[in-house]
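Asker: sequence first, predicted model second:
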There are 2 protein chains.
Amino acid sequence: MSQLLASDRPVADPSGLTPPEARRLFRAGLRVPTPGWCAGWTQANLMAVPREVAHDLSVFAQRNPQACPVLDVAEPGAVRMALHEGDLRTDLPAYTVYRDGELVDTPGDVRRWWRDDLVAFLIGCSFTFERALTEAGVPVRHLELGVNVPMFRTSLRCRPAGMLSGPLVVSMRPVPAALVATAVRVTGRYPSVHGAPVHVGDPAVLGIAELDAPDFGDPVEVRPGEVPVFWACGVTPQAAVMASRPELAIGHLPGHMAITDARDTSYLVP
Amino acid sequence: MSQLLASDRPVADPSGLTPPEARRLFRAGLRVPTPGWCAGWTQANLMAVPREVAHDLSVFAQRNPQACPVLDVAEPGAVRMALHEGDLRTDLPAYTVYRDGELVDTPGDVRRWWRDDLVAFLIGCSFTFERALTEAGVPVRHLELGVNVPMFRTSLRCRPAGMLSGPLVVSMRPVPAALVATAVRVTGRYPSVHGAPVHVGDPAVLGIAELDAPDFGDPVEVRPGEVPVFWACGVTPQAAVMASRPELAIGHLPGHMAITDARDTSYLVP
């Protein structure tokens, strides 16, 4: 079935796809944000850096665990890992390629950029807990609208590690005031995919001037009676790449995630 | 007071010491296992490897999180880190030094072995949850006896990473049968310091022939009505060093831990 889908044809029910089915669509050229895709399966951020930078990225992740929870790491040059049977160079919907910290390409396939010394990290993504939010009665605006989550660079600095430093990036979801506690409680049970919010309320404290103008993803409205709630975001390593300028780095296009072979519930703590 | 203590003089109440007080004693030459020391403060395993091996150790830890929960990593060559204000070369009671995987020294000070390219990792230690066990009414035999915990190499293999591979090492505590569930529940709330047991009961399944002959630490008796309970142990990276033979590695003498500046409760999940 999936082979018949052209890259611009909408998928009727992406939430019901399995990870191999979704990856096959992306490999065939479909370029879409992945909120709501493959319900029950963990989504992940990609960051691949040269072997000589990989140790710094490991330590950066260890020092900033809420933003950079590492789910799996590939051997140098490897394009698959235990968590992701698909080819990491082709099976995401879209990528970012940085040379010396500059975004130089956002292709649907990074085979021409790949090198044998690249080490790929998969990092937890908050899309993983969105089903738990909706099941707990917390509406998720960008899912309702079928758009990408809004993401913002903040004025908070991550703890640096070796050559890597940069700002914390957050995702934002508007939550009705009466459901903020529920949202905290539900997401706090998923510490490996960003866990509880880092901030609830006033975006100015995070250095965010305009909620309508996210740095990545799509804007969503915060309605009367709702509070903007901010979670640490796995785009943070890409912000560190932009600030720290390693020679080469390959990520996913924000919101266009790797869909892994792990169940959401693997990351639920009791 | 502590300056008066000779290295062979017993410490009246090591549980009441602060981490700086304990580290001062160790720096002055006191060589003792640290179970029960500095109640309420987190203890940690040390593993320092050359920068070129550090990425493999990060990934090895990420792939074997129950045995190797990384608490903090120092910059290359650094002998202090946020988690440990003391000098990592002098402030532990005793060390292990490996050349090409062979144990060549067990000194009380590793300044003469230290190099500017060494990267020090501190890894969680199960001593951290022992106070929670005793407070929950679970007796801890080696604490009662004032000896080191028994540790065993098992026949279980860790997931390898790069050049590092080796067996899982476990610590063993005899638990009265009626309290095994409590021990599981209490320690499961400390996932960053090995968490719940990896095995309860028959040591033969782990390839352990003789409970009376631990590979590290001291033997303790398993009495009638008690079950041997096994937790993953932070000596596991040292077993990987022995098996994988990096050119240089420096650890702590098993049971002779780094005492950190973090509270036990930092690693308690709600």
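Answerer: In hand now; what should we look at?
Asker: switch to C-alpha atoms for all contacts and neighbour counts from now on
Answerer: OK.
Asker: what does chain A have sitting close to chain B?
Answerer: Within chain A, the residues that sit near chain B (Cα under 8 Å from any Cα of the partner chain) are A:54-55, A:58-59, A:62-63, A:70-73, A:75, A:161-162.
Asker: of the residues you listed, buried ones?
Answerer: By neighbour count, with 16 or more other Cα atoms under 10 Å in any protein chain shown, those hold A:54-55, A:58-59, A:62-63, A:70-73, A:75, A:161 as buried.
Asker: in strands, which of those fall?
Answerer: Residues of those located in strands (DSSP state E): A:70-73.
Asker: tabulate the residues you listed (CSV), appending pLDDT.
Answerer: Putting these into CSV (pLDDT from 0 to 100) gives the following:
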residue, pLDDT
A:70, 95
A:71, 95
A:72, 95
A:73, 96
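Asker: please name the residues that touch the one residue in chain A that gets nearest to chain B.
Answerer: Ranked by Cα to the nearest Cα, the top residue of chain A for proximity to chain B is residue A:55, at 4.4 Å. Contact analysis of residue A:55 by Cα atoms under 8 Å, 6 or more residues apart in numbering or on different chains lists B:54-55, B:58.
Asker: Serialize those to JSON lines and add fields for pLDDT.
Answerer: Compiled in JSON lines, these are given as follows (pLDDT from 0 to 100):
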{"residue": "B:54", "pLDDT": "97"}
{"residue": "B:55", "pLDDT": "95"}
{"residue": "B:58", "pLDDT": "96"}
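Asker: same list, the residues you listed, but as CSV with distance to residue A:122 please.
Answerer: Listed next are the contacts of residue A:55 as CSV, based on distance: Cα to Cα, whole Å:
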residue, distance to residue A:122
B:54, 19
B:55, 15
B:58, 14
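Asker: just the residues you listed now: which is nearest residue B:100?
Answerer: Set against residue B:100, the nearest of those by Cα to Cα is residue B:54 (15.4 Å).
Asker: how far away is the closest one from residue B:259?
Answerer: According to Cα to Cα, to the nearest Å, residue B:54 stands 22 Å off from residue B:259.
Asker: and residue A:94, by the same measure?
Answerer: According to Cα to Cα, residue A:94 and residue B:259 sit 46 Å apart.
Asker: same question, residue A:116
Answerer: 40 Å.
Asker: more neighbours, the two?
Answerer: The neighbour comparison of residue A:116 against residue B:259 (other Cα atoms under 10 Å in any protein chain shown) goes to residue B:259, with 27 against 12.
Asker: so what's that one bridging to?
Answerer: residue B:43 (DSSP bridges).
Asker: wait, it touches residue B:39, no?
Answerer: No: the criterion here is Cα atoms under 8 Å, and residue B:259 misses it with residue B:39 at 10.3 Å.
Asker: the strands in the stretch 51-200 of chain A, which residues?
Answerer: A:70-73, A:95-99, A:102-105, A:118-124, A:151-157, A:167-176, A:199-200 (DSSP state E, counting those that start in this stretch).
Asker: comparing the ones you listed, which comes out most buried?
Answerer: Across the strands of the stretch 51-200 of chain A, averaging neighbours per residue (mean count of other Cα atoms under 10 Å in any protein chain shown) puts strand A:118-124 on top, at a mean of 27.
Asker: so how far is stretch A:148-165 off the chain centroid?
Answerer: Chain-centre distance of stretch A:148-165: 13 Å, with Cα atoms, centre = their mean, to the nearest Å.
Asker: I should have written stretch A:128-139 there, sorry.
Answerer: How far stretch A:128-139 lies from its chain's middle: 17 Å, per Cα atoms, centre = their mean.
Asker: start to end distance for it?
Answerer: Terminal-residue distance, stretch A:128-139 (Cα to Cα): 15 Å.
Asker: so which bits of that stretch are buried?
Answerer: So for stretch A:128-139, counting by 16+ other Cα under 10 Å, buried means A:128-133, A:138-139.
Asker: show me what that stretch is in contact with.
Answerer: A:36, A:39-43, A:140, A:175-176, A:179, A:182-183, A:186-187, A:190, A:193, A:264.
Asker: low-confidence ranges, chain A, go.
Answerer: Chain A contains residues with pLDDT under 70 at A:1-10, A:270.
Asker: make TSV out of the ones in strands among the buried ones among the residues of chain A next to chain B and add distance to residue B:248.
Answerer: TSV is the format used below for these (distance: Cα to Cα, whole Å):
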residue	distance to residue B:248
A:70	27
A:71	29
A:72	27
A:73	24
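Asker: which one of those residues is nearest to residue A:206?
Answerer: residue A:70 (24.1 Å).
Asker: let me see the contact set for the closest residue to the closest one other than its chain neighbours.
Answerer: Excluding its sequence neighbours, the residue lying closest to residue A:70 (Cα to Cα, 6 or more residues apart in numbering or on different chains) is residue A:123, at 4.5 Å. Taking Cα under 8 Å, 6+ apart as the criterion, residue A:123 is in contact with A:44-47, A:68-72, A:193, A:234.
Asker: one more pass at 6 Å, please.
Answerer: Contact analysis of residue A:123 by Cα atoms under 6 Å, 6 or more residues apart in numbering or on different chains lists A:44-45, A:68-71.
Asker: separation between it and residue B:68?
Answerer: For residue A:123, the distance to residue B:68 (Cα to Cα) stands at 18 Å.
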